[in-house]
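A.B. asks: Show me how the following folds:
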Amino acid sequence: MNSTLKWKAISVATVVLICLYGLIGLPDFPKSLSMLKQNFTQRIKLGLDLQGGTHMILQVQVNEALRQDTAVLADDIMKKLAAKNISSDQPILVSDTQLKISNVPPDRIADFRATAGDYAQTWDLSPAPGELNGYLLTMRQSQIVAVQDRTMTQSVETIRRRVDELGLTEPVVTPYGQGDNEIIVELPGESDPIRAREVIQAGGQLEIRYVPDPTPYPSQAAAISAKNGILPAGTELLPGTAAASGGQPEAGESWYIVDRVPIVTGRDLRDAEPARNTQRPPYFMVNFRLTVEAGRRFGPFTESHINQYMGIILDHRVQTVAVIKGRIEDSGELEGSYTEEQANDQALILRAGALPASIKYLAERTVGPSLGADSIRHGFQASITSLLVVLIFMVVYYRSAGVNAVIALLLNLVILLAALAYFEAALSLPGIAGVILTIGMGVDSNVLIFERIREELRGGKAPASAVDLGFKRAFLTIIDTHVTTVVSAAFLGLMGTGPVRGFAITLVIGLVANLFTSVYVSRLIFDWHLAKAPRQAELSI
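C.D. replies: Next up, the predicted model:
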């Protein structure tokens, strides 16, 4: 064997050893067989459709984030107007992205416009229709898109962190659909999908707001009636329970009058942990700590509202109404009728990050382990059957050269599976389809090469020359078919989700491996065979 063939053989052997190590690890005799099988099953991760699990589609209510930004603007601009002694009516939220300020003094309109000009980059100022001294602040479209994008990105990352804290393996959390603010969540192998759904779906949107009236009203009508038919400016009604203000845990739903603008939100949360509620055994509560920046806001507020009330609100429900007994810097507690598991889950939700908006449950599909086992069995049978039929055809039709193709195809599969193991990619049912398609592409490459070699042999070329010309002339065609397919699969991977992406990834890896096996490895086997054969020997093809 000449030095060129020797180094080619060493390079192929190195690739094979690397792939085998990725698939089965190092052998440990005498327990090698059982250990290798166990290593293989652990390193090839299965997708949702093969090992069972839960598939969910959630919708992020992005309008809530827009409304919250508008409410923050209302509070901020009123503080600036008060600092400049500009009187006006309390801002009114006309919509999620529009704020109206009425009765600006005519002699202070210029100062008002200057103050509103501080927000000119994200808000447009215009006269309010039908009002002489009223103005509208409307969020610009670019800012609306930015808030929506930020909300979706933060929601995906928050849900992913929650899934990770649950200890789920190979989860899929990614935007879904086109412009519908939906997120697809796949949890392969999740043994308790109900709890996972509750943790993922729970909004975890924490807010601390000022409560001007701690009375728990039995209904919305009763609350409005108690205020002579008009709620105080800048307030709204939120549901809760009588237990939130110290009533019995089993008490029914009540309504509270709270400020619209939160003092701090879940974005300001630093940590959360469960704790036993010593005042109301056997229940638990959740202690939370705020960031330094939130503490700077929270401290002055609590100091200026001593002996007044604040409410801790989670997912637009009042959880606790507490009297402020002194300055509070950076900590608080979320009381409720929590069991230990509920307190742990609630702390997990808050610790993993608060969602910028609540999420709505749209759909759920659960795949049982037995269905996944059936998919594995049928997919394995289809792959083996197609592979055997192809291998038999290649050996019968191309004789000894067909054995060359068989070796190349088997090595192609080994490289493909090893790549999945190294990248920790999950093999799904569409991925198995990608494997089968890869087998077909591998056969196509070998057929192109073998037919070119046959043409050269029929033209009177010597075996070595025919092999050399056959590979060279088939190479451009093989590259062309593979590149076009890889580009198509790449677009599927970038734009698709879940099963479509699994199919694309498997196909791309298989095609790249096929270029190596059909062109490099197959050529090495031909050259090795010709180097050992007598000069006048015929090529079995």
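
A.B. asks: how about stretch 63-75 as CSV, C-alpha atoms only?
C.D. replies: Output in CSV follows, covering the C-alpha atoms of stretch 63-75 (Å, rounded to 0.1, in the frame of the first residue of the first chain):
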residue,chain,number,x,y,z
ASN,A,63,-51.5,43.7,24.8
GLU,A,64,-51.0,43.4,28.6
ALA,A,65,-47.3,44.5,28.2
LEU,A,66,-48.4,47.4,26.0
ARG,A,67,-51.0,48.4,28.6
GLN,A,68,-48.5,48.3,31.4
ASP,A,69,-46.1,50.5,29.4
THR,A,70,-48.9,53.0,28.9
ALA,A,71,-49.8,52.9,32.6
VAL,A,72,-46.2,53.6,33.5
LEU,A,73,-46.1,56.5,31.1
ALA,A,74,-49.2,57.9,32.8
ASP,A,75,-47.7,57.8,36.2
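
A.B. asks: so where does the residue nearest to Asp259 when sequence neighbours are not counted fall, helix or strand?
C.D. replies: Leaving aside its sequence neighbours, Asp259 sits nearest to Tyr210 (CB to CB, 6 or more residues apart in numbering; 4.4 Å). (C-beta placed from N, C-alpha, C; glycine too.) Counting by DSSP states H and E, the element that carries Tyr210 is strand 206-211.

A.B. asks: So what are the sheet partners of the very next helix or strand once past that strand and their directions?
C.D. replies: Tracing the chain C-terminally past strand 206-211 and defining elements by DSSP H and E, one meets strand 213-217 next. Strand 213-217 sits in its sheet next to strand 253-259 (antiparallel), going by DSSP bridges.

A.B. asks: angle of the strand it pairs with against strand 206-211?
C.D. replies: Going by axes from the mean of the first three to the mean of the last three CA atoms, to 10 degrees, strand 253-259 is angled at 80 degrees with respect to strand 206-211.

A.B. asks: Let me know the average pLDDT across strand 253-259.
C.D. replies: The average pLDDT within strand 253-259 is 90.

A.B. asks: ok, residues contacting that strand?
C.D. replies: 209-220, 222-223, 227, 231-232, 234-242, 244-245, 247, 311, 313, 318, 321 (CB atoms under 8 Å, 6 or more residues apart in numbering).

A.B. asks: Wait, the residue nearest to Asp259 touches Met310, no?
C.D. replies: Yes. Tyr210 is within contact range of Met310, at 5.9 Å (criterion: CB atoms under 8 Å).

A.B. asks: the more surrounded of those two?
C.D. replies: A direct count of neighbours by other CB atoms under 10 Å for Tyr210 and Met310 places Met310 higher, at 24 against 19.

A.B. asks: Can you say which helix or strand has that one in it?
C.D. replies: Applying DSSP H and E, one finds Met310 within strand 309-314.

A.B. asks: Name the strands paired with that strand and say parallel or antiparallel.
C.D. replies: strand 206-211 (antiparallel), strand 317-323 (antiparallel).

A.B. asks: Buried deepest among the ones you listed, which one?
C.D. replies: strand 206-211 (a mean of 24; mean count of other CB atoms under 10 Å).
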